[in-house]
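In: generate a structure from the sequence data that follows.
(chains A and B)
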Amino acid sequence: MHLTLKVWRQKNNDSEGRFETYELDGISSDMSFLEMFDVLNEKLIAENKEPVAFDHDCREGICGMCSMYINGRPHGPLQGVATCQLHMRSFNDGDTIVVEPWRAVAFPVIKDLVVSRTAFDRIVASGGFVSVNTGNAQDANSLPVPKEAADHAFMAAACIGCGACVAACKNSSAMLFVSAKISQLALLPQGQAERKIRAEKMVAQMDTEGFGACTNTGACSAECPKEISMENIARMNREYLGAKLTSSAV
Amino acid sequence: MSWLTQTLSSSIGKKLVMALTGLFLTSFLAVHVAGNLQLFNADEGLAFNLYTVFMTTSPIIKTISYGLYAFILIHAFQGFYLAYQNRQARGKVTYSKVDNQSTWASRNMALLGTVLLVFIVVHMAQFWYDYKFGQLPFKKYTIELAEGKIVNTETMPEGYMLKSKLEEQLSDDQKTKTIIVKDLYMIVDRAFANLPLVLLYVLSMVAVSYHLVHGFRSAFQTLGINHPKYNPLLDFLGVWVFGIIIPAAFAAMPVYFYIMHLLH
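Out: Take a look at the predicted model:
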């Protein structure tokens, strides 16, 4: 395959970025999108040029590190797939592919296609955990969890925190991410003790980070590689408003 | 900050304010369209003119209407502020290419809302202001009581004034009744002889339609109501009732008067 790549190059967050155009030949349709970028970088290194910085780790769709905005969509054209699981067979010979970093005030560019997603870490650190010491694993039957609750909690817990929701949202809202993190604990018995304070703190941190507010466009859920449902956002709204009305924090 | 101001100024709190004011405005539309359907009554505007008297004199309606004006302003300015804030969240550099996976209406609520705000100002200046503060003609209806038929109508001479908006009188023989009332119907009738105005109204109703197709369902999502049992009902109400039937009924009014003018 022959491809024309328009890739966003930016030295750091203080400098201005621009698109660079690269021509690539001999790309196999069986390569993953990231392998195609490896080929590009090898070529750049051979030419004594600076390789393109991009995030990646597991390359099997579970770590949430890869983060490319490909042809106007986070993680590219496929549904429910992260960039690392996107293969070149989804493109045609001769295509021009535009690759940009996630764009949000809360996700500053570190270099090229790499953005800092520590805002997500700070949101989780503000309350997305259970601080009760759970001790050794108990007998499974001692803590009954209905199957439906377990399923919904698991679907929320499938969030890999890649930030595609923020990238897809026209408001750069992080509500799908935050709602998944609130939901996975709100649905399980272990999460009950800190349920209210968790919702209050995580939403407050989300607002502090400078993410936008949700307008229910649904773009986040449509682009999420783990297909996290908008039901989670409705649940977060319930959790937050309920917590605000009834928690002891004045 | 107290917990309440903290809640209302949070991102979810701002959405809550948008949802609650939006749903109130939506419920008003249902009342408004029901009343305005009187325009289609073939009674030279009697039912419509009586309805306008009720809407402007009933203490309950008057109280609600002040709330309505406030809610329109809150919904509009909160909406503008949120749209501004949300735009800021993207940062200075925006995407060079966007392949949207969302509906057009959901992305353009602020634009649609701006159209509606302009429409509301034009609409209120035209009818509401005129009715309240303008010099409206009065119309006298004579009704035969036995069959309830209107036997005579007459527009009162220019400069005719009443202390109240409505005056009813029984004739001496108790067989007929006269009603003198401010004739807003005639103002409506005259206004919609004007094609650009009719087009503005129809276009604005298209904006209402798109705004509500997204807004109605979205308001419930914000309130935390997203449930497989109730979603079909909410979708039906949002799309068919508030998104199609009500805007279409409103749009039919100026079109009806315009066609009547063409025919006469």
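In: only the buried residues of the longest helix seen in chain A, if you could.
Out: Looking across chain A with DSSP state H, the single longest helix is helix A:231-246. Neighbour-count burial for helix A:231-246 flags A:231-241, A:243-244 (criterion: 16 or more other C-beta atoms under 10 Å in any protein chain shown). The C-beta positions use only the backbone N, C-alpha and C, and glycine is treated the same way.
In: so what's the gap between that helix and the chain middle?
Out: Distance of helix A:231-246 from its chain centroid, counting by C-alpha atoms, centre = their mean, to the nearest Å, is 22 Å.
In: could you do stretch A:62-78 as well?
Out: Counting by C-alpha atoms, centre = their mean, stretch A:62-78 is centred 9 Å from the centre of its parent chain.
In: ends of that stretch, what's the gap?
Out: With C-alpha to C-alpha, to the nearest Å as the measure, the ends of stretch A:62-78 fall 16 Å from one another.
In: one step back: which one of the buried residues of helix A:231-246 is nearest to residue B:111?
Out: The closest of the buried residues of helix A:231-246 to residue B:111 turns out to be residue A:233 (C-beta to C-beta; 22.9 Å).
In: hmm, the closest one is touching residue A:179, no?
Out: Yes: in this structure, residue A:233 is within contact of residue A:179 by C-beta atoms under 8 Å, at 4.5 Å.
In: hang on, the earlier thing: contact partners of the longest helix of chain A?
Out: By C-beta atoms under 8 Å, 6 or more residues apart in numbering or on different chains, the residues outside helix A:231-246 that reach it are A:156, A:175-176, A:178-180, A:182-183, A:186, A:195-197, A:199-200, A:203, A:214, A:216, B:3, B:6-7, B:10, B:12-13, B:15-16, B:221-226.
In: rounded mean pLDDT for that helix, please.
Out: Taken as a whole, helix A:231-246 carries a mean pLDDT of 97.
In: let me see the contact set for the nearest residue to residue A:123 once chain neighbours are set aside.
Out: Of all residues not flanking residue A:123 in the chain, residue A:205 sits nearest, at 4.7 Å (C-beta to C-beta, 6 or more residues apart in numbering or on different chains). Residue A:205 makes contact with A:122-123, A:126-127 under the criterion C-beta under 8 Å, 6+ apart.
In: any quick ChimeraX command for the buried ones out of the contacts of helix A:231-246?
Out: Applying 16+ other C-beta under 10 Å to these, the buried members can be selected in ChimeraX as follows:
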select /A:156,175,176,178,179,180,182,183,186,195,196,199,200,203,214,216 /B:7,10,12,13,15,16,221,222,223,224,225,226
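In: my reading is that residue B:152 lies in a strand. Confirm?
Out: Yes: counting by DSSP: H, G, I helix; E, B strand; the rest coil, residue B:152 falls inside a strand.
In: check contacts around it.
Out: By C-beta under 8 Å, 6+ apart, the residues touching residue B:152 are B:140-142.
In: possible to save those as TSV with pLDDT, secondary structure and distance to residue A:107?
Out: Formatted as TSV, the contacts of residue B:152 follow (pLDDT from 0 to 100; DSSP: H, G, I helix; E, B strand; the rest coil; distance: C-beta to C-beta, whole Å):
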residue	pLDDT	secondary structure	distance to residue A:107
B:140	93	strand	70
B:141	94	strand	68
B:142	93	strand	74
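In: residue B:56 and residue B:196: what is the separation?
Out: Counting by C-beta to C-beta, to the nearest Å, the gap from residue B:56 to residue B:196 is 28 Å.
In: neighbour count: those two, which is higher?
Out: residue B:56 (16 against 7; other C-beta atoms under 10 Å in any protein chain shown).
In: how close does the more buried one get to residue B:127?
Out: 11 Å.
In: need the helices for the stretch 1-150 of chain B, in chain order.
Out: B:3-9, B:11-36, B:46-57, B:59-88, B:104-107, B:109-123, B:129-133 (DSSP state H, counting those that start in this stretch).
In: reformat these as TSV; add mean pLDDT.
Out: Formatted as TSV, the helices of the stretch 1-150 of chain B follow (pLDDT from 0 to 100):
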stretch	mean pLDDT
helix B:3-9	94
helix B:11-36	96
helix B:46-57	93
helix B:59-88	96
helix B:104-107	96
helix B:109-123	97
helix B:129-133	85
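In: in a helix, the residue nearest to residue A:123, correct?
Out: Yes: judged by three-state DSSP, residue A:205 forms part of a helix.
In: any idea how far it lies from chain B?
Out: Applying C-beta to the nearest C-beta, to the nearest Å, the value for residue A:205 to chain B is 11 Å.
In: can you check the pLDDT for that residue?
Out: 98.
In: tell me, how many residues neighbour residue A:210?
Out: Neighbour number of residue A:210 under other C-beta under 10 Å is 17.
In: name the helix or strand for it, please.
Out: Using DSSP states H and E, residue A:210 is not contained in any helix or strand.
In: who's in contact with it?
Out: Contacts for residue A:210 (C-beta under 8 Å, 6+ apart) come out as A:104-106, A:119, B:88-89.
In: and those, which are buried?
Out: A:104-106, A:119, B:89.
In: could you dump those residues into TSV with secondary structure, distance to residue B:112 and pLDDT added?
Out: Putting these into TSV (DSSP: H, G, I helix; E, B strand; the rest coil; distance: C-beta to C-beta, whole Å; pLDDT from 0 to 100) gives the following:
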residue	secondary structure	distance to residue B:112	pLDDT
A:104	strand	25	97
A:105	coil	25	97
A:106	coil	27	97
A:119	helix	31	98
B:89	coil	20	97
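In: which members of those residues are the farthest-apart pair?
Out: Spatial extent of those (C-beta to C-beta) is set by the pair A:119 and B:89 at 11.3 Å.
In: shared neighbours, the two?
Out: Counting by C-beta under 8 Å, 6+ apart, the contacts common to residue A:119 and residue B:89 are A:106, A:210-211.
In: how many neighbours does the residue nearest to residue B:222 when sequence neighbours are not counted have?
Out: Nearest residue to residue B:222 in three dimensions, chain neighbours excluded: residue B:19, at 4.0 Å (C-beta to C-beta, 6+ apart). Close neighbours of residue B:19, defined as other C-beta under 10 Å, add up to 23.
In: likewise for residue B:250?
Out: Counted with other C-beta under 10 Å, the neighbours of residue B:250 add up to 20.
In: pLDDT score assigned to the residue nearest to it when sequence neighbours are not counted?
Out: The shortest distance from residue B:250 to any non-neighbouring residue, by C-beta to C-beta, 6+ apart, is to residue B:205 (5.0 Å). Per-residue pLDDT puts residue B:205 at 98.
In: and the strand or helix carrying residue B:205, what other elements does it pack with?
Out: Secondary structure assignment for residue B:205, by DSSP H and E: helix B:195-222. In terms of contacts (3 or more C-beta pairs under 8 Å, 6 or more residues apart in numbering or on different chains; DSSP states H and E), helix B:195-222 is packed against helix A:231-246, helix B:11-36, helix B:104-107, helix B:109-123, helix B:231-236, helix B:246-263.
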